[in-house]
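Trainee: missing the sequence, but the structure's below:
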């Protein structure tokens, strides 16, 4: 790309920021909840997000379409219609009472990037496509990345047919049919996105931790997507006993058993993080006793909890799995309790493409935009990478965390992210 074209692209991105703000505002209004926004997967709210995004794309002269899954696309054709496309985007759904930028920032960024390229008159060597995926969040059907998995052909019909939305108790097929989608067409023909028809996938996403705020940088390039090992509904069974009458040697105290387990797993986390894997994380998202039975004067006979290890290294997840098995056996024997963890679920770590990461860094450097590098959490990019499509993730600073109403992505940071995204897409497409 010549300097003249690059300068024109920068100007076009800046000029399109009011449109980006308008899209964010309109979609926020369409999905307002008591707190924050709620866009369930395959609902009126996330369909409204798709409609608003595609309407803005059409107004900028981009071709638009939706597939049988409901994923939304905007296209800018290139000089070679047979060449594999450059794809960019993220998800349209949100968690319940979440923030407006999680996922949506990437879908909007992709549309703005394409609109900027079109405004400059640059003709890319291949098609550029912006994508808004459905159902990235696992809160709706118990699994993540459903729209992306269906797009790349990574979900069998039998798995799909067993999915039920956790809040409504209606099947995924029912919710999709309610949105007028042609469910039976999903498995007809080849997958929509393949390693043959797609050269690269780039995902802009808000950072969902505090690192960019801590490091005072607007952007980061993700090194890898953490895999995870999860037990979502662990239970420790013991016995309810009188708190003043039962000596320690005879107690079957589930709370102390579980807290010992958690303390020893935290110590393992520290050991792993301080030695060979700084990407390791450990979370206990649920920890409670039964309110119908617990009391100040009872030894607790039941305690519920969850375990969630994450890492970019599979050997860390394997080590955590082995430790959980050994520790629960040891603690159960000594404390005369019983642990029931259920089946472990999770995903494998996903490395991200080195060449794409380098291009994102180079375009940030050319614009004198500070850009860090560290691992990230699960995103749609992992599905495209596993499908054999080179993938990368560009993170944008976001104060006050994510999956809550307080997400605070500054539009100035978003603009810098779109500048880097648009330039990288053009470079990858060639001329």
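Mentor: Everything's here; your move. Predicted model only: the values in this text are computed from it and were never measured.

Trainee: tell me which helix or strand in this protein has the weakest average pLDDT.
Mentor: Lowest on mean pLDDT, DSSP states H and E among the helices and strands of the chain sits strand 345-347, with a mean of 86.

Trainee: what packs against it?
Mentor: Under the contact criterion of 3 or more CB pairs under 8 Å, 6 or more residues apart in numbering; DSSP states H and E, strand 345-347 touches strand 227-237. Every C-beta, even on glycine, is put in place using the N, C-alpha and C of the backbone.

Trainee: please point out which parts of the strand it packs on sit buried.
Mentor: Within strand 227-237, the residues that count as buried by 16 or more other CB atoms under 10 Å are 227-232, 234-236.

Trainee: domain map for the protein?
Mentor: As assigned by automatic domain parsing, the chain contains the domains 3-226+349-429, 227-347.

Trainee: pick the most buried one from those domains.
Mentor: Highest mean neighbour count of the domains of the chain: domain 3-226+349-429, a mean of 20 (counted as mean count of other CB atoms under 10 Å).

Trainee: that one - what's its average pLDDT?
Mentor: For domain 3-226+349-429, mean pLDDT is 96.

Trainee: ok, residue 237 to residue 263 distance?
Mentor: 20 Å (CB to CB, to the nearest Å).

Trainee: tell me where the stretch 251-400 of the chain has helices.
Mentor: Ranges of helices within the stretch 251-400 of the chain are 254-275, 314-335, 354-366, 381-386, based on DSSP state H, counting those that start in this stretch.

Trainee: now do the stretch 101-250 of the chain
Mentor: In the stretch 101-250 of the chain, the helices defined using DSSP H, counting those that start in this stretch lie at 104-120, 146-151, 157-161, 172-178, 211-215.

Trainee: let me have those helices in CSV, extended by distance to residue 285.
Mentor: What follows is the helices of the stretch 101-250 of the chain, written out as CSV (distance: least, CB to CB, whole Å):
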stretch, distance to residue 285
helix 104-120, 24
helix 146-151, 21
helix 157-161, 25
helix 172-178, 24
helix 211-215, 20
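
Trainee: out of those helices, flag the one nearest residue 273.
Mentor: Among the helices of the stretch 101-250 of the chain, the nearest to residue 273 by CB to CB is helix 211-215 (14.4 Å).

Trainee: which strands and helices sit next to the closest one?
Mentor: strand 219-225, strand 371-376.

Trainee: closest to residue 88 out of these?
Mentor: Per CB to CB, nearest to residue 88 of these: strand 219-225, 14.3 Å.

Trainee: show residues contacting the closest one.
Mentor: 207, 211-212, 279, 312, 349-352, 357, 360-361, 364, 369-379, 381-382, 385, 392-397, 413, 416-417, 420 (CB atoms under 8 Å, 6 or more residues apart in numbering).

Trainee: just want the angle from that strand to helix 354-366.
Mentor: On the basis of axes from the mean of the first three to the mean of the last three CA atoms, to 10 degrees, strand 219-225 is oriented at 170 degrees to helix 354-366.

Trainee: direction included, what does strand 219-225 pair against?
Mentor: strand 350-351 (antiparallel), strand 371-376 (parallel), strand 391-396 (antiparallel) (DSSP bridges).

Trainee: contact partners for the closest residue to residue 37 other than its chain neighbours?
Mentor: Nearest residue to residue 37 in three dimensions, chain neighbours excluded: residue 31, at 4.2 Å (CB to CB, 6 or more residues apart in numbering). Going by CB under 8 Å, 6+ apart, residue 31 touches 37-39, 45-46, 48-49, 94, 100.

Trainee: same question, residue 251
Mentor: Counted by CB under 8 Å, 6+ apart, residue 251 has contacts 238, 241, 299, 335-336.

Trainee: what helix or strand does residue 88 sit in?
Mentor: Residue 88 belongs to strand 85-91 when elements are defined using DSSP states H and E.

Trainee: how far away is the residue nearest to residue 163 when sequence neighbours are not counted from residue 235?
Mentor: Distances taken as CB to CB, 6+ apart place residue 172 nearest to residue 163, at 4.1 Å, with adjacent residues excluded. Residue 172 sits 28 Å away from residue 235, going by CB to CB.

Trainee: and residue 12, by the same measure?
Mentor: Residue 12 is 56 Å from residue 235, by CB to CB.

Trainee: got it, and residue 225?
Mentor: For residue 225, the distance to residue 235 - CB to CB - is 30 Å.

Trainee: do the same with residue 81
Mentor: Using CB to CB, one obtains 57 Å as the distance from residue 81 to residue 235.

Trainee: before we move on, what about residue 305?
Mentor: For residue 305, the distance to residue 235 - CB to CB - is 8 Å.

Trainee: before we move on, what about residue 121?
Mentor: From residue 121 across to residue 235, the span is 63 Å (CB to CB).

Trainee: before we move on, what about residue 217?
Mentor: For residue 217, the distance to residue 235 - CB to CB - is 43 Å.

Trainee: repeat for residue 150
Mentor: Distance from residue 150 to residue 235, by CB to CB: 33 Å.

Trainee: what residues does residue 268 make contact with?
Mentor: Residue 268 neighbours (CB under 8 Å, 6+ apart): 282, 319-320, 323.

Trainee: and these, which two are furthest apart?
Mentor: Every pair of the contacts of residue 268 checked by CB to CB; the farthest is 282 and 319, at 11.7 Å.
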